[in-house]
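# coords please:
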Amino acid sequence: MIHFIPLVSAIVSLVFALAVLDQFFARRKPYQLIWAIGLFMYAISTAAEFWVGVWGLNVTVYRLWYLFGAIFVAAYLGMGTLYLLARRHWAHTIMAILLAASFYATFRVFTASIDLSDLQVLSGIAMPQGVRLMTPVFNTFGTVSLVGGAIYSAWVFWRCKIMPHRVISNILIAIGAILPAVGGTHMRLGGGLPLFYIFELLGIMIIFIGFLRSREVFGLYRFPLIHGFGKVSAD
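Numbers count the residues shown, from 1 in each chain. Model (predicted):
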């Protein structure tokens, strides 16, 4: 039964991704597109977890899970937040670096020699050490950007005493973003998959609630992180 938790996560993240993509088609904001991409990646990685639990592990599913789940998800969700908060030229520059790093990571993951014969549970230990060293770089960037951006936004709305619902929505997004990171750390330290799957599901659900709670979903305001802290300007 525990293996059906990733299926629920995949469904929630897919619905979430389609909602954000629909908003992108309506408003054409870059952060909405990047967020949608990150959420589709979340759906792919959790669907891979479900596949492994029900039908077993194979090299292709393992590569997809590692690339999208272990490397890309946090980075692209965090990148979407940077497009929302940072000056556009800074966001473009960081996006270019992320894309270059993503192409390199994809090449390394899909050309790596992988032996799954000794893998007892789903983890990154089957990947070569050189590939695994990339994971904390992507994840640290993404988690700091997503959580830090949500906390900063909550603080700005609270300080300016405007849109109090945005304070709550950003706090929820920050909490939801932290949970999968905590679950992943727990798993790397030897913890079992059940808690990781639960944290993964709770994380995406809480982020989705925060998204829905924001109502306009950041459609009206942008907060420059790089220049002029605390200024609120129309997007």
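# Pull the contacting residues for residue 142.
Taking CB atoms under 8 Å, 6 or more residues apart in numbering, we find residue 142 in contact with 73-79. Where C-beta positions appear, they are placed from N, C-alpha and C, glycine not excepted.
# please redo it, this time with the cut-off set to 6 Å
Residue 142 makes contact with 74-75, 77-78, according to CB atoms under 6 Å, 6 or more residues apart in numbering.
# Return the subset of the residues you listed lying in helices.
Members of these lying in helices (criterion: DSSP state H): 74-75, 77-78.
# Which one of the residues you listed is nearest to residue 124?
Nearest to residue 124 among those is residue 74, at 14.1 Å by CB to CB.
# Look up the pLDDT of residue 227 for me, please.
With respect to pLDDT, residue 227 has a value of 33.
# ugh, wrong one, residue 168
For residue 168, the model assigns a pLDDT of 89.
# and if you look at residue 34?
With respect to pLDDT, residue 34 has a value of 97.
# can you check residue 188 too?
Reading off the model, residue 188 has pLDDT 69.
# who touches the residue nearest the centre of the chain in this structure?
Nearest to the geometric centre of the chain sits residue 74, at 3.2 Å (CA atoms, centre = their mean). Contact analysis of residue 74 by CB under 6 Å, 6+ apart lists 139, 142-143.
# The same query, at a cut-off of 10 Å, please.
Applying CB atoms under 10 Å, 6 or more residues apart in numbering, one finds that residue 74 lies in contact with 38, 41-42, 135, 138-147, 177, 180-181, 184.
# and the residue nearest to it when sequence neighbours are not counted, what element?
Distance criterion CB to CB, 6 or more residues apart in numbering; nearest residue to residue 74, sequence neighbours excluded, is residue 142 at 3.0 Å. Element membership for residue 142 (DSSP states H and E) is helix 134-160.
# Can you name the element that comes right after that helix?
Per DSSP H and E, the first helix or strand lying C-terminal to helix 134-160 is helix 164-188.
# coming back round to it: among the contacts of residue 142, find me the one that's closest to residue 207.
When the contacts of residue 142 are compared against residue 207 (criterion: CB to CB), the nearest one is residue 77, at 8.3 Å.
# Can you tell me, leaving aside adjacent residues, what's nearest to the closest one?
Nearest residue to residue 77, sequence neighbours excluded (CB to CB, 6+ apart): residue 38, at 3.9 Å.
# The one you found contacts residue 69, correct?
No - look at residue 38 against residue 69 with CB atoms under 10 Å: they stay out of range, at 11.4 Å.
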